[in-house]
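Peer 1: One predicted model, sequence on top.
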Amino acid sequence: MKDLKHLIFFEDLLQEANNKLVRQAKDDGKLALGYTCYFMPEVLLDLPGCFSVRLRAPRCTSPDIATYYLSARVCHYARSLMERALEGGYNFLDAQLATETCTATCRFQEHLQQKGLDSVEDMRIIDNDKFFCSFIDVPFKNNENGYEHYKTQLRAHVLDELSAHFGVDTSDAALLKAVEQHNEVCRLINEIGDYRKLDNPTITGYEFSVIVLVSMCCPKELILPYLRETAEEMKTRKPDAKKSYRCKVVVAGSENDDPDFIKLIESCGALVVCDRYCYGAVEARQPIVIEEGQDVLDAIARHYLKTSNCPRFMPQDEMRTRKQRLAELCRDYKADGIIVTSNKFCEYWSYERVIDTVIMRRDYGIPVCSIEKEYINSASGQLRTRFQAFVESIEIKQIQEGS
Amino acid sequence: MKKCKCGKILGKLLGITLLANVVLFIVFFFDLDGKLLYYVVEPFLKKHYDNMERKDVLKESGYDVFKYEKAPYDM
Amino acid sequence: MAKKFDIKALKKTDWKKVAKDFWYGKPHGERRIGDLYIEKTGLYKHREWRGVKDTMYYFYAVWLYNYAMMVADIMKFGGIVPFAKGVWRYRWVGQTYLPVIHWYDRGLQGLRGEALRASPWHYRGMTSTTIKQFMRFFTSDTRLNGGKQNEHYKTNIAHKETVWGGIFYPWAGELTNLPLEMIPYFVTCHVNSHTVQNYIDAVQSIGLPGDPCPMCQAEAGLFVLDDVPDYAPAFITCNEACDASVASTVLQDWLFDKPLYALPMPMQFDDPLVHKHVMKEIEGAWKFIEEQYGIPFSYEKLVEKLKKQNELMEFEWEKWEVAAKTSYYPINGVAQALYRIYYSQYGDWEVWHECDAKVRKVLEKCVSKKINTFPNTRHRVIAWSCAPLYFSDWPTWAYNCWGLNVVINMDSLMFDMKIRTDSYENTLADMATYHMWAPMRRMAVGGMQHIFELWEYMEKFNCDMVAMYDQLQCKGMQGVHGLFEDEFRKRNVNAFWMPHALPDSRTVTRAELRRMINDYMTTVMHEEPLDPSLLDFDDSMIW
């Protein structure tokens, strides 16, 4: 396939958190608001005068000082973010809007927070006098009580804080504007992503993951023109005459913001057609629908709790039906198998991965490759062997079914 | 005579009690209860549990994703 | 070679001293408790001679009394037949609860006088409550009762062990709440640390990595090894204490396969805005119970039970007052820690009150007569974070070996509150707080302001040393490791770290833990042991 016009530019943007577009927005006087988890609605951080940055720590391979603070037994992602913060890599942030949705990232973000306690000295990691870190409590259930609670939290700990600290306009009109912008990003990403549903997709999983990531790590306003252009370009993009992959897979699992991981899978012959993981598009790039007469914040709160497939959700029906949804993704994207991943030390996905591995294979007949990975996968040899074996097993299955 | 018989019974009871106390104290002091459990009972039970037939839960436990609906109070 | 009889040595013997030791027991520095062990096993060549009075007290009032009471409890709660069936079917009971008296021995070793009179009552309370629960399992279990769902089954409600028993007070006398893992997992680890390893291995055998919290691994492993009784029609779960509890619930739901209500507690529990949310969730749980069992909620019963529970808390505060301000506190570190976490989590139950009444008598005697209950205390220690379950009796060893008196611990301090019963709203609000302060949540995985309450409690309990537990697989505690190091240095606090893997004695063995404390006491504190025989001994195969 012909190279995408902006791919190299996008790849460059992913080399550091404080990338060219972030710097440009900061120069324009915009506020940079960091977050880590889907449960912190990025749309609220994209209010007029602000832009959201989903934190990443690309190329962080040895988080030594972070390991002193968080120990070696906490996930590499949290430690890498901490290391990057300690290196000054997030000093451009004006605020961190935090969630305690997993213990490791919570502890990282608590280190950023100025607590003003006598019992423990604040570290003042982010060298910015105006910087603050505010936590929301995210419910474990997507029921009415959960929506109300979530909405209250978003109002008190995101909107009111932004308004109090920086005078950010948090009116319904401003929220609506942010939602419109968010929805345009989603529309474009989905338009681009839908080419993965074709029998012979015209976009690779790697390319798509780069595009999704830039949409999360760059100011929306500044990345939108490039996304529009890419979507346009995709309309005429032709697939390779000869299929460059041997099977199609869905990747599901815990945090992954490393496009090279997707590249690694694809280099083994499995085209990644769907990305149901933290930092993936399945959840994050669904448009927010506001019903007639509905309160905007209410719509946002409901949207984020309804669209999440996070294994953190505890209602019984929810725990079970998310397996069904995963199987449906496989069907919708015409995937031949699922790669379920969990980051080392990720407690949620350790269990979810084991259960998905059994249930998807046993009850849905979908081949599953179950792997544990690091945040930055420097030891790729073992993973490569696993993926190659998985691709071969799918091919054998297909041959057997064909015969 | 009667007094004598009662005394004998009482004596016997006292003797039995004393003997029981001595035996129990020996069991206690030399940790014979612990030794019996450690060397005899536990290995026997462990062998039994290790050889027990158990359900293979991964194969035999169904997972009906639609079995339980959201309860009205949980909406 | 047999030792030659040495008449000279016999002549040199100080018979007066021998007689004194026989009558009163050897003084602390001369006891050599470590010599009593049979190598590897932790069994005794002979049990400790504590002097005539204390040995006889231990023999009659602890050993014999508790064996007898165990039999009595089994008969009271269902009889020998269900007990035998249960032992035959479930590893966690057969392998664990038979050697329960050795658990007493380990925890009560070296105790004398009033400490020996008070501490065993805590063990008695825990043993009785444990028997009550496993007998209820066996009398209800469809697997042991021909597949029948009998009356016991129909009136039991299952819940995750971290759901506080108080949630079920409104149905006191009508429903029996039985925590799913408290007996098959939690208590077993303290009594026989070998049992739990089967469950951890089982869950890892299906692909779970070794790094998630081993407590949740074991709780899930019970299901994988098909070792959970089928004893109730419905189940209430929660997210206490951490991510792994949430994640393992998915596996439990699959394999338990019963109507389930999730009662998750907010993580940011200091935020006043979360209260309403929790209160609604608790009410949701009550509606769930009403619907599942058809028995209406009773506020009167709830209040009645809460008042009883408040009595337990009031006495706990009295005990803490004595522990904090005097040297007359007659309960040792392990008895304090285990009893407190057991009753505050399980909830009100008559045995707790009976035991407290006995302990109160001893406590009052100690205070009125100013009895120094742990006279060889060199350091008053506060134990912080989550304790190693397989070595929960380490404070006993530490006192005997080094004179380290563990006065208080983090687990005891978590539910530090009474619950108001003056109105439904207040009751519900306080219940929400109590539940949010559940095990390991308030401090270990909670916000930093709570985990660093250590200094405040250290001062309150007049402690000069910290035993810092380092649960290697607890992400919450691992995530504040560096800050603790910084603060210890800055505040010049004497603190030793105790790494461990909660129930799994294979990761860091008891001997390794002892060695770390020994090293700290010799190299940092430059102290000599009180009992050198306890410095290094092989108990690698101990229960």
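Peer 2: In hand now; what should we look at? Please read these numbers as outputs of a predicted model, since none were measured by experiment.

Peer 1: Quick check: closest non-adjacent residue to the residue in chain C that chain A sits nearest to.
Peer 2: Ranking the residues of chain C by distance to chain A (C-beta to the nearest C-beta) places residue C:479 first, at 2.8 Å. (Glycine included, C-beta is placed from N, CA and C.) Spatial nearest neighbour of residue C:479, chain neighbours left out: residue A:107 (2.8 Å); criterion: C-beta to C-beta, 6 or more residues apart in numbering or on different chains.

Peer 1: Same question for residue B:62.
Peer 2: Nearest one to residue B:62, counting by C-beta to C-beta, 6+ apart, is residue C:257 at 7.5 Å.

Peer 1: Just give me the neighbour total for the one you found.
Peer 2: Residues near residue C:257, counting by other C-beta atoms under 10 Å in any protein chain shown, number 16.

Peer 1: what sits against it?
Peer 2: B:61, B:62, B:67 (C-beta atoms under 8 Å, 6 or more residues apart in numbering or on different chains).

Peer 1: Give the other helices and strands that the helix or strand where residue A:133 lies contacts.
Peer 2: Residue A:133 is part of strand A:132-136 when elements are defined by DSSP states H and E. The helices and strands touching strand A:132-136, judged by 3 or more C-beta pairs under 8 Å, 6 or more residues apart in numbering or on different chains; DSSP states H and E, are strand A:95-99, helix A:103-112, helix A:144-154, helix A:160-166.

Peer 1: can you redo the ones you listed as JSON lines with mean pLDDT, mean neighbour count and distance to residue A:310?
Peer 2: Below are the helices and strands packed on strand A:132-136 laid out as JSON lines (pLDDT from 0 to 100; neighbours: other C-beta atoms under 10 Å in any protein chain shown; distance: least, C-beta to C-beta, whole Å):
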{"stretch": "strand A:95-99", "mean pLDDT": "97", "mean neighbour count": "25", "distance to residue A:310": "11"}
{"stretch": "helix A:103-112", "mean pLDDT": "95", "mean neighbour count": "26", "distance to residue A:310": "13"}
{"stretch": "helix A:144-154", "mean pLDDT": "96", "mean neighbour count": "21", "distance to residue A:310": "13"}
{"stretch": "helix A:160-166", "mean pLDDT": "98", "mean neighbour count": "16", "distance to residue A:310": "24"}
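
Peer 1: which residues does residue A:303 contact?
Peer 2: Going by C-beta under 8 Å, 6+ apart, the list of residues near residue A:303 reads A:41, A:286, A:288, A:289.

Peer 1: so which helix or strand takes in it?
Peer 2: Applying DSSP H and E, one finds residue A:303 within helix A:296-307.

Peer 1: what pLDDT, on average, does that helix get?
Peer 2: For helix A:296-307, the mean pLDDT works out to 97.

Peer 1: What residues sit buried inside it?
Peer 2: A:296, A:297, A:298, A:299, A:300, A:301, A:302, A:303, A:304, A:305, A:307 (16 or more other C-beta atoms under 10 Å in any protein chain shown).

Peer 1: quick revisit: and the contacts of residue A:303, which is closest to residue C:408?
Peer 2: residue A:41 (42.7 Å; C-beta to C-beta).

Peer 1: quick one: the closest one and residue A:154 touch, right?
Peer 2: Yes: using C-beta atoms under 8 Å, residue A:41 is in contact with residue A:154, at 6.8 Å.

Peer 1: Identify the contacts common to these two.
Peer 2: Residues touching both residue A:41 and residue A:154 by C-beta under 8 Å, 6+ apart: A:300, A:301.

Peer 1: Identify the residues contacting the residue of chain B found nearest chain A.
Peer 2: In chain B, no residue comes nearer to chain A than residue B:65, which is 4.2 Å away by C-beta to the nearest C-beta. Each residue near residue B:65 by C-beta under 8 Å, 6+ apart is listed here: A:320, A:321, A:323, A:324.

Peer 1: and the third one, what element?
Peer 2: If I follow you right, that is residue A:323. Per DSSP H and E: helix A:316-332 holds residue A:323.

Peer 1: quick one: average pLDDT of that helix?
Peer 2: On average, helix A:316-332 scores 96.

Peer 1: and what of stretch C:265-284?
Peer 2: pLDDT averaged over stretch C:265-284 gives 92.

Peer 1: re earlier: is the helix holding residue A:323 anywhere near chain C?
Peer 2: Yes: residues of helix A:316-332 contacting chain C under C-beta under 8 Å from any C-beta of the partner chain: A:316, A:319, A:320.

Peer 1: could you give the angle of the strand holding residue A:133 to helix A:144-154?
Peer 2: With axes from the mean of the first three to the mean of the last three C-alpha atoms, to 10 degrees as the basis, strand A:132-136 and helix A:144-154 are set at 170 degrees to each other.

Peer 1: For strand A:132-136, which strands pair with it and how are they oriented?
Peer 2: In the sheet, strand A:132-136 lines up against strand A:95-99 (parallel) (DSSP bridges).

Peer 1: Tell me what angle the partner strand forms with helix A:103-112.
Peer 2: 150 degrees.

Peer 1: Quick check: PyMOL command selecting the buried ones in the contacts of residue B:65.
Peer 2: Per 16+ other C-beta under 10 Å, the buried members of the contacts of residue B:65 correspond to this PyMOL selection:
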select buried, chain A and resi 320+321+323
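
Peer 1: same for chain B: which of the contacts of residue B:65 are within range?
Peer 2: Okay, of the contacts of residue B:65 touching chain B (C-beta under 8 Å from any C-beta), that's A:320, A:321, A:323, A:324.

Peer 1: Name the spans of chain B whose pLDDT lies under the cut-off.
Peer 2: B:1-3, B:72-75 (pLDDT under 70).

Peer 1: If we use 80, what do you get?
Peer 2: B:1-4, B:70-75 (pLDDT under 80).

Peer 1: how about the helices of it, start to end?
Peer 2: B:2-29, B:32-36, B:42-50, B:57-60 (DSSP state H).

Peer 1: got it, and the stretch 151-300 of chain C?
Peer 2: C:151-154, C:188-191, C:195-205, C:214-224, C:243-256, C:274-293, C:299-325 (DSSP state H, counting those that start in this stretch).

Peer 1: Same question for the stretch 251-400 of chain A.
Peer 2: A:259-267, A:281-284, A:296-307, A:316-332, A:347-364, A:380-402.

Peer 1: Serialize the ones you listed to CSV and add fields for distance to residue C:378.
Peer 2: Listed next are the helices of the stretch 251-400 of chain A as CSV, based on distance: least, C-beta to C-beta, whole Å:
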stretch, distance to residue C:378
helix A:259-267, 55
helix A:281-284, 57
helix A:296-307, 55
helix A:316-332, 52
helix A:347-364, 40
helix A:380-402, 51
